[in-house]
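[1] I'll drop the sequence and a predicted model, then ask my questions.
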Amino acid sequence: MATTLRSIRGVVPLLDRILVQRMKAEAKTASGLYIPEKNVEKLSEAKVLAVGPGALDKDGKRITPGVAPGDRVLIPPFGGSTIKIGDEDYLLFRDSEILAKLTDEK
Amino acid sequence: MATTLRSIRGVVPLLDRILVQRMKAEAKTASGLYIPEKNVEKLSEAKVLAVGPGALDKDGKRITPGVAPGDRVLIPPFGGSTIKIGDEDYLLFRDSEILAKLTDEK
Amino acid sequence: MATTLRSIRGVVPLLDRILVQRMKAEAKTASGLYIPEKNVEKLSEAKVLAVGPGALDKDGKRITPGVAPGDRVLIPPFGGSTIKIGDEDYLLFRDSEILAKLTDEK
Amino acid sequence: MATTLRSIRGVVPLLDRILVQRMKAEAKTASGLYIPEKNVEKLSEAKVLAVGPGALDKDGKRITPGVAPGDRVLIPPFGGSTIKIGDEDYLLFRDSEILAKLTDEK
Amino acid sequence: MATTLRSIRGVVPLLDRILVQRMKAEAKTASGLYIPEKNVEKLSEAKVLAVGPGALDKDGKRITPGVAPGDRVLIPPFGGSTIKIGDEDYLLFRDSEILAKLTDEK
Amino acid sequence: MATTLRSIRGVVPLLDRILVQRMKAEAKTASGLYIPEKNVEKLSEAKVLAVGPGALDKDGKRITPGVAPGDRVLIPPFGGSTIKIGDEDYLLFRDSEILAKLTDEK
Amino acid sequence: MATTLRSIRGVVPLLDRILVQRMKAEAKTASGLYIPEKNVEKLSEAKVLAVGPGALDKDGKRITPGVAPGDRVLIPPFGGSTIKIGDEDYLLFRDSEILAKLTDEK
């Protein structure tokens, strides 16, 4: 949904929510031809932009989220809440919904 | 639903409920033209008007809500209970449903 | 559902149940014209008539309800159990379903 | 469902189950005319006939039911298990499903 | 479902399962006429044949079932697992599904 | 689903899973006539082939399964995961889904 | 869903997630004839490639997953999240969804 924000930097996730932006697939083939936008497959990769302080456990202590700003992660194909800022879409997931971190390949 | 209230100030949320009012989108384009009301996209931004004392944890202690009156927040696209006072709509969410706080952009 | 009761005063809610009566909307416009009953919008305001002793927590102790007889409250648009006494309808909600208390407006 | 019982007195509810019999509505109008049976509205009032020893809490102790044999109670419009003995119907509810006790009206 | 068993005596219920056999309704009217089998109403009465050692509570201790072999009980109209031995049907319920014990009528 | 296994002996169930093989019904009548395979009723009897180490309780300790390899058991009519090895079907159930043990009939 | 990854080695599962690759069925019959790809039955066998650190128990400690990289396992026929890297599909399951380990057959 739309917001009046001019930048994503003012969004501070609550509890165990993780703010991510989905990586955009190349809209060009390997040989340099442009692919029409509707044919570009959505990626399940995203970049973590901001991380909430963590959900509360049964004793009222914060459960530290498993990811940090800057992390590249795999996100599930469904779920999450979309936020629109200008023309960009962002997503909020719960920490436990993030599938995996992506590291530099060994 | 309707009420006999003349002002929202008399509403005291119970438990972990958060009373918010959704921000209204500009009904004008950047160049000053008016947009018909049904074309104005609803915003997912809201202002916190009042905050309940918090839900009870398993030991009977209050869990302090994560937002406070005056906060600007992101609300989910669905859910919440609508209250109508005069011509204005207000919403009650549970604290854990509020997605993020919005701060002055850095 | 119907009862053989002649008065609501004999109803003693169990556990965390709250007995309320919905406020009736004015069936007259501001200028004094009568509104046909089916056009009168139902209000989400109610008056608390009686309060159960509270649900039991995991240690068997009562959780004191958040409202008291005489309180004006906001009730959710759905749910609750209806009791009919004569021509009047009453509602039983669980304590945690009551959305907010209404105080004298400041 | 049917039973071979000749009397309800042999039914001993288990755990938190409450055996009740629904009160029958008057099949006569105030002026003494008989109302055809299918037009008699079912009442939500019932009399408690027998009470189980209570469900077990997490420590294995019985949770004393909130009603006792002889109590008049409000029962929910749906749910419960019906037992038929001869031509009479009886109902078994769980203790927490009973909405309220009815006392002599003050 | 069918089994290769020749007798129900070899069935030892696990956890909180209760093995019962439904009582058969008289297929004769009071005046001695035979009722066709499909018109004989199923009874909600059953006899307990065997009882599991009980489910485990959160500390790993057995919760003693509320019924014992030989008890006559009321069973719910739905649920349970059917076992067929020869031409006889038996039912396995969980202990908490048994509604009531039936005692000799007082 | 299919596997590349040549024998079921290499399957080691995890947690509280129980590997069983359903008993096959006689495809012959008592008088020695063969029954076409599609008319042979599936049995609810099975033989336990392997047993997982048990699920973890809330303190991280294993809950010992109630059955052991070699046991004959009653399995529920639905559920479980099927594994195919060659032409044979095997089933994995959770320990708590097994209905009863079958012993030599007394 | 697609990724920009060139290799699966950079995927680090979070919590109790297990990254596996399904074994491919022989696309040849025993006598050496090729089976068209759509007729090759999917296998329920998979190889564990990477294992998350474990879910958190109620005291915040990690629950060690029951499988390790290199294990051959049985996976359930449904569920899991698919990741595509180049032309290969990988799957992420939760630890408790893995049915069994496969060992060298005895």
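    Happy to help now that I have it. Model, not experiment: these values are computed from the prediction.

[2] worst-scoring helix or strand of chain A, pLDDT-wise?
    Using mean pLDDT, DSSP states H and E, the weakest-scoring helix or strand in chain A turns out to be strand A:81-85, at a mean of 90.

[3] between the helix or strand following that one and strand A:81-85, how big is the angle?
    Next along the chain after strand A:81-85, taking DSSP states H and E as the criterion, comes strand A:88-94. If you take axes from the mean of the first three to the mean of the last three CA atoms, to 10 degrees, strand A:88-94 sits at 150 degrees to strand A:81-85.

[4] what comes up buried for strand A:88-94?
    Residues of strand A:88-94 classed as buried under the neighbour-count rule (16 or more other CB atoms under 10 Å in any protein chain shown) are A:Tyr90, A:Leu91, A:Leu92, A:Phe93, A:Arg94. All C-beta spots, glycine's among them, are computed from the backbone N, C-alpha and C.

[5] repeat for stretch A:73-91
    Quick answer for stretch A:73-91 (16+ other CB under 10 Å): A:Val73, A:Leu74, A:Ile75, A:Gly80, A:Ser81, A:Ile83, A:Ile85, A:Tyr90, A:Leu91.

[6] leaving out the residues flanking it, which one is nearest to the residue positioned nearest the centre of chain A?
    Geometric centre of chain A, nearest residue: A:Val20, 2.0 Å, by CA atoms, centre = their mean. Spatial nearest neighbour of A:Val20, chain neighbours left out: A:Ala46 (3.9 Å); criterion: CB to CB, 6 or more residues apart in numbering or on different chains.

[7] hang on, isn't the one you found packed against A:Gln21?
    Yes. The criterion here is CB atoms under 8 Å, and A:Ala46 meets it with A:Gln21 at 6.1 Å.

[8] find residues that contact each of the two.
    Contact criterion CB atoms under 8 Å, 6 or more residues apart in numbering or on different chains; residues shared by A:Ala46 and A:Gln21: A:Leu91.

[9] what's the pLDDT at the residue in chain A that chain C sits nearest to?
    Residue of chain A nearest chain C, by CB to the nearest CB: A:Lys58 (11.4 Å). With respect to pLDDT, A:Lys58 scores 84.

[10] what about it, how many neighbours?
    Other residues near A:Lys58 come to 11 when the count uses other CB atoms under 10 Å in any protein chain shown.

[11] pLDDT weak spots in chain A?
    A:1, A:37, A:39, A:105-106 (pLDDT under 70).

[12] near chain B, which residues of it? Just list them.
    Within reach of chain B by CB under 8 Å from any CB of the partner chain, chain A has these residues: A:1-7, A:9-15, A:17, A:19, A:52, A:56, A:58, A:60, A:81, A:83, A:92.

[13] any idea how far A:Arg6 is from the residue nearest to A:Val20?
    22 Å (CB to CB, to the nearest Å).

[14] who has more neighbours, those two?
    The neighbour count for A:Ala46 versus A:Arg6, taken as other CB under 10 Å, is higher for A:Ala46 (23 against 10).

[15] in the sheet, who's paired with that one?
    Beta-bridge partners recorded for A:Ala46 (DSSP bridges): A:Arg22, A:Val73.

[16] and the angle from the one helix or strand the residue nearest to the centre of chain A maps to to strand A:81-85?
    For A:Val20, the element it lies in under DSSP H and E is strand A:17-22. Counting by the same axes, to 10 degrees, strand A:17-22 lies at 60 degrees to strand A:81-85.

[17] in strand A:17-22, what's buried?
    Residues of strand A:17-22 classed as buried by neighbour count (16+ other CB under 10 Å): A:Arg17, A:Ile18, A:Leu19, A:Val20, A:Arg22.

[18] so the last one touches A:Val48, yeah?
    No. With contact defined as CB under 8 Å, A:Arg22 and A:Val48 do not form a contacting pair (11.4 Å).

[19] burial count for the residue nearest to A:Ser96 when sequence neighbours are not counted?
    Leaving aside its chain neighbours, A:Ser96 sits nearest to G:Leu15 (6.4 Å; criterion: CB to CB, 6+ apart). Residue crowding around G:Leu15 was assessed by other CB under 10 Å; the count is 20.
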